Structure formats: structure tokens, C-alpha cells
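Chemist: Structure of the sequence below:
(one chain, ligands or ions: 1)
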Amino acid sequence: MFRIGDFEQFDKEYAYDGDDLGVCYRDGKTVFKAWSPMATGVYLNLYLDGEGANLIETVPMEKMFRGVWMIELMYHAEDIYYTFSYEFDNRTRIETIDLYARACGINGQRGYLIDLKKLDPEGWDTVPRPVCESPCDAVVYECHIRDFSIDESSGIPAGERGRFKAFTREGTRYRSTKTCLAHLKELGVTHVQLLPVFDYATVDESKPFKAQYNWGYDPLNYNCLEGSYSTDAFDPRSRIKEFKQLVMELHKNGIGVIMDVVYNHTYYTEKSAFQKSFPYYYHRLNKDGSFSNGSGCGNETASDHLMYRRFMINSLKFWAKEYKLDGFRFDLMALHDIETVNIIRDELNKFDPQLLMYGEGWTGGESPLPADKLAYKWNSYKFGRIGLFNDNIRDAIKGGTFNPYDIGYVSGNRNASHVLKRGLVGSVPHWQLHTAQEACWAFEPTQAVNYVEAHDNHTLWDKLSICAKHFSREERVKMDKLAAALFILAQGMPFIHLGQDFLRSKPRIPEEGEPENEVTTVNHNSYNAPDSTNSVKWNEKYENYHVFEYYRALIRLRRNNKLFRMRTKDEIGRQMRFLDTHDDNFIVFCLEDSEDCLVCLFNPYNEERRFWLPEGKFYTRLNELGKLNKFPLSGEVVVPPISAMVFKRIRRREDNV
Ligand code: CA
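Modeler: Residues are numbered from 1 along each chain as shown. Prediction:
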């Protein structure tokens, strides 16, 4: 089999810059295009169904220029399934789904011909996207489609649990507490970030009632939706219709939808549509010709090869336009080269500059591409318009992620405050901070995605149950709330994991022979664990309602006060300053502009702390219970053990009332 030596030279000769690869309808015709410069033949196969022996016909495609193969059907073909067969060296034909397919049959084996516009729900064109002027205005909530509603406590009708449809149900409850969509509205988040909803490989869509689970980081078809989230995976239209309904329903309620995209690897490597249609082009290779494994999942894709870069751009534009999505979260973004992520930002800006774009600034293994070319967090200044998950603030607050016993600021680490303070200012330079340079990585605060819990690793509550096990439950709840106050009130963009706001846990049953302890009874890598581990149990919201109320109060506080949402490092330098407490770990900062002054105090100690407020009259904007109290205060205030307090200066005109 041929191998390409110099990809740059090859791309100069063969890369195709049309945006019509795959299928498009033109002048009543159906046009198929596939790109494969080294193929000796490409064939279109038409089928009656998404699987099984029901071939209608196979037709040879014609070689055009720059490696593009084409065939036109003289009619508007719909409700037909198709694949391409590639032939190299005039020998075996290898059949695969079109990697550009936008609809597919059961388990993503064949593409499906349909005009997607016909599947728009009623009112689709009249519901606008929610406005989001800056990433700092967003409060993102990360949800897995199945986890969100699969448990009976969700109040969702049985047939819709674990599916897209559950997001469109209004007014669901567990006892007196709101669940699902009603919960999202009540919590006050601005965006929902969905774990992969594109078609992934490891859940058998033909068995909807079998207990199967995966996060979805096993990409099969990048431009198709996952079938197991629809009410009928055998009908290619149902997943499209139902996902559009999900987006529309959330938009109606002012909530944006962010898609988790996993362009960094393919699940099947050799058997992926990329490899079958043009072997050894779309993946990066080691010097010995083997697949490199920067993802830790067996391979990594080659964003630096033009046709893979264009594939990504084309795909992202498709999702943003066709499904009106509001942003993208890039899995293992550091595997993409910096040039590519900057071009993507430019291209998305042309469509809508408000689209959010952020990702993981790390890889899952070593890439053969030089580290200075990749979108690693340490290269952050080279792609300053794209957000990055802030592992510095995460670990400073709750302790190292990979040692469950490691403690953080909230659980008693008295050496975490320097890194934490850097996180509080949005991970940008600040005139009062001279340490923790390693945590000073953001070009602007808009780049810092602040969080303490995501789908990966232990939930915050489980982490606290391990590293702070000698504390009482009541004290651990205080630590959880203090952690929330820190990352939600930090400059940047806060990111919350579904259920984090009511002490979500991921319980695990120890295996035979394993001791039963605080580590073996929780799951820190639940990517394919059963619902008993992964599902959100909405009764926990009922039971821990006061924690939920506290998170909600923090989100309101942030959204109602623009001083928590400063756009630039200059503003932060002018309007945010730390006040002296004579104690590194008793953190107090003041946010002040011409209108408002907010003083935020964080006490990680198990005893109260006292502090003299600056000049003027204040009221309690947020106490340890998340409540507001308008009673005027000045002088010395008390911060209860393991808690945060926020005081707001009473405006002059309010003084006169
Ligand atoms: Ca699938």
C-alpha cells in the first residue's frame, strides 16, 4: 500500500477546497462527492435499509480533479441509504459509510438521504439563540443525555428517560423539587454542555431496552447524531427531529446548547471511515508508520493535514448552522495544532462571534507533532480567543485530581492560596500577585474555564468523602459550598457538572476480594459504568436542597453583578484588589467600579474569622446559607467557619431612602 511521505506537498497538489463533499441536492439532482486521490475506483451503493442485504444498485463514480470522485442522480433522492466502496490498486473494494454523512441508519453503518430542513420542528425559525456577549457571562452546566433523566426520580415518562426528549418536558418534579428542564431553569445556568451527542460506537442502538452505557468519547460518525438517544433509532429522522426539539426547547427558555466534540481520534482506527476511504492520510503516524496514540485511545487524527482540518471546520459549521448550537467544547484539544484552532475560531466568528469555543489543553498521550505547534495549555497565548479548562484553580480548591487523598484549600491545604488567588483573578497577571506564575496562563479572563468537577474523575462530593473523611458530614458540606463560591465567583467562565449542586456521588460496588472503604465505594472513571453509578438521582436534590439553594444563589449573584464578569485583564487590574488579612489563607478581595463595591471573604478555617470592612455602609449580599440580608453594616464582620461571605456597599441614593 502507498504511503505519503510529504503531506504538505501532497496537500498542495490534492487538497480540495469545495464544501460539497458528501451529498448535496442541486437543481433537482442528488450529487455525491468523495475525496480519495489514490483510489483506483470509487463506487456508490444504494440500499433500501440501514442494515441487511437490500442493495438496490452499485454505480461507479467518476474521477474529477484533485482526487474528487463524483456521481449525480438525476432526481432528488430521499429515504434511501447509501455507502461508498473504495478500490485501491484495482483490487479489493472496501465499503464504508460516507464520512461526511449527516444522517444514518441503525448503528451508523450506512448514510441516509434526507433534506434535514424538512425535520425542523414547528417554530424553529422563530426561536432566537440566547444572547451571550462574552464567555464571562456564561454559566455552563455539563450534562450527559442518559444521566440527566434515566433514573425514575427524574419524573420523566418511562419511554423518554435517557433520551433527547426528556430535555423538552416541562414541569417535572421529584416530590416538591423540580427536576430536568425545570431544574435547569431554576438553577439559572445560561448554557448546557452536552457530553457527546454525535454518533458513537459502543452502545448497540438496536437494543434500546438493554442496559448499556457510555459517555460517548468513541466517535463513529462525526456529523450524525447518536441513535440510542432517540425514541426510534431505526428511523434516521427521529434522532434529528428530537435533537432539534431539544435545542429549540432550551433556546425558548434562554438556555444555550454547547456540543462536546471529539475530533481528536477515531474509535475504530483501521476500520474507521477515514482510514477506509484514504488509508494513512487522516491519522498521525509514528516514524515507523504505526498509528501514533496522542489520545490514549489508540490513535490521533491529523488536524495539520489540510483535508482533516477542512473536515473539522466543515463539520463544526454544519452543527452550528443546522442545529443552531451555541458553542463547542473540544475534547483533548491539545492534539489539534494551534493554526487549526485559530482558523476554526475565525470561521466560527464569520458565522456568529458569540459561539463559545473552549477545550482541554492537554492530550491523552504523546503526539509526534512538536509540542510548540499544539494547542497545549502552556501555549495558551497563541490562541487567546479560545477557552481552556483551568486545572490550576480546580486542584488548588479541592486537591490534586489523581491522588484521591490529596487535600485542597477547602479541605485544609494551607499551601494552596497562591495558586488559588491567581485563579480568582482570571489566571491573568495582576499587580498584587507575584507568585504562582505557572497558574498565570490566560491571555484574558475570557480564556479561563473555572471548575472543580466534570464528568472525569471523582465528583467533588466523593473527593471530599475521601480526602476529608475525618471531618463530619456537615463540615464536608461546608467545604463543598466554599469550593463552589470560589470557582463561581472567580473571574472567567464557571463550569458546573450536572448534580454537583446537590452533592452528586458516583457510587460503586467493590469487586470481590476488594476491601470496602472510601476509595473502593466510589467511581472515578465511570465512562462505561452502569446507571446505578452514573445516573443523577433527583431525590438527592430533594435531600440536599439547601446545597442546591446555595449554588443557585451564587449563580444569581454572579449574573446580577457585572463585577464578577470582567472582560479584560485591564479591568481586573483596575477593579479588583486583595485586602490585607495578615493571613495568606484568609482571602478577602474587593471588586469596585464607579457604581458598586463588593467585598468577598473566604474562610477555610474551622473557626470563625473577623474582618474590618472598608469605609462605608454595606449589606450582606450572600451569607453562609446563600441568603441576602439588607440590614446595613459597617466595621467588623464575622465570617463563619469554612464559608464565604459577600458584602455589597449600599449605594448613596439607597442611603437616602
Ligand atoms: Ca451509535
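Chemist: Tell me what the residue in the chain that the ion sits nearest to is bridged to.
Modeler: Per C-beta to the ion, residue 199 is where the chain lies closest to the ion, at 4.4 Å. C-beta coordinates here come from the backbone N, C-alpha and C atoms, glycine included. Listed by DSSP bridges, the beta-bridge partners for residue 199 are residue 221.
Chemist: Any regions of the stretch 101-250 of the chain where pLDDT drops low?
Modeler: By pLDDT under 70, the stretch 101-250 of the chain has no low-scoring segment.
Chemist: where does it come near the ion, residue by residue?
Modeler: Residues of the stretch 101-250 of the chain lying close to the ion (C-beta under 5 Å from the ion) are 199, 226.
Chemist: Would you map the strands across the stretch 101-250 of the chain?
Modeler: 111-112, 140-143, 173-174, 177-178, 191-194, 198-200, 219-225 (DSSP state E, counting those that start in this stretch).
Chemist: what about residue 365, which helix or strand?
Modeler: Counting by DSSP states H and E, there is no helix or strand that carries residue 365.
Chemist: Contacts for stretch 203-218, please.
Modeler: Stretch 203-218 is contacted from outside by 106-108, 144, 146, 195-198, 200-202, 226-228, 233-234, 260, 262, 267, 297, 331, 455, 526-531, 534, using C-beta atoms under 8 Å, 6 or more residues apart in numbering.
Chemist: which of those residues count as buried?
Modeler: 106-108, 144, 146, 195-198, 200-201, 226-228, 233-234, 260, 262, 267, 297, 331, 455, 526-527, 529, 531, 534 (16 or more other C-beta atoms under 10 Å).
Chemist: Show me those residues that map onto helices.
Modeler: 146, 531, 534 (DSSP state H).
Chemist: Give me the pLDDT value at the second one.
Modeler: So the one you mean is residue 531. pLDDT, residue 531: 97.
Chemist: how about the residues of this protein near the ion?
Modeler: So the chain meets the ion at 199, 226 (C-beta under 5 Å from the ion).
Chemist: mind checking which helix or strand of the protein has the lowest mean pLDDT?
Modeler: Using mean pLDDT, DSSP states H and E, helix 652-655 stands out as the lowest-scoring helix or strand of the chain, at a mean of 59.
Chemist: Pick the most buried one from the strands of the stretch 101-250 of the chain.
Modeler: strand 111-112 (a mean of 28; mean count of other C-beta atoms under 10 Å).
Chemist: Quick check: the gap between residue 286 and residue 217.
Modeler: 22 Å (C-beta to C-beta, to the nearest Å).
Chemist: who's more crowded, the two?
Modeler: Taking neighbours as other C-beta atoms under 10 Å, residue 286 and residue 217 compare with residue 217 leading, 22 against 11.
Chemist: Okay, helices next: where are they in the stretch 451-600 of the chain?
Modeler: 460-467, 473-488, 531-534, 539-543, 545-560, 569-575 (DSSP state H, counting those that start in this stretch).
Chemist: Would you mind pulling up the elements that the third one packs against?
Modeler: When contacts are defined as 3 or more C-beta pairs under 8 Å, 6 or more residues apart in numbering; DSSP states H and E, helix 531-534 packs onto helix 145-149.
Chemist: What is the distance between the helix it packs on and the centre of its chain?
Modeler: 15 Å (C-alpha atoms, centre = their mean, to the nearest Å).
Chemist: Any chance you could list what contacts that helix?
Modeler: 154, 156, 160-164, 166-167, 179-180, 194-195, 197, 213, 226, 229, 498-499, 531, 534-536.
Chemist: I only care about those that end up buried; give me the ChimeraX line for that.
Modeler: To isolate the buried members of these in ChimeraX, using 16+ other C-beta under 10 Å:
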select :154,156,160,161,162,163,164,166,167,179,180,194,195,197,213,226,229,498,499,531,534,535,536
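Chemist: neighbouring strands for the helix or strand hosting residue 72, and are they parallel or not?
Modeler: Element membership for residue 72 (DSSP H and E) is strand 68-73. Note on strand 68-73: by DSSP bridges, its sheet partners are strand 29-35 (antiparallel), strand 62-63 (antiparallel).
Chemist: Tell me the buried residues in it?
Modeler: Within strand 68-73, judged by 16+ other C-beta under 10 Å, the buried ones are 68, 69, 70, 71, 73.
Chemist: ok, now stretch 128-135?
Modeler: So for stretch 128-135, counting by 16+ other C-beta under 10 Å, buried means 129, 130, 132, 134, 135.
Chemist: can you check stretch 434-447 too?
Modeler: In stretch 434-447, counting by 16+ other C-beta under 10 Å, buried: 436, 439, 440, 441, 442, 443, 444, 445, 446, 447.
Chemist: Check stretch 578-586 too.
Modeler: Of the residues in stretch 578-586, those buried (16+ other C-beta under 10 Å) are 579, 581, 585, 586.
Chemist: how's this structure carved up into domains?
Modeler: 7-96, 141-563, 576-649 (automatic domain parsing).
Chemist: Mean neighbour count, the ones you listed: which tops it?
Modeler: Taking mean count of other C-beta under 10 Å, domain 141-563 is the most buried of the domains of the chain, at a mean of 20.
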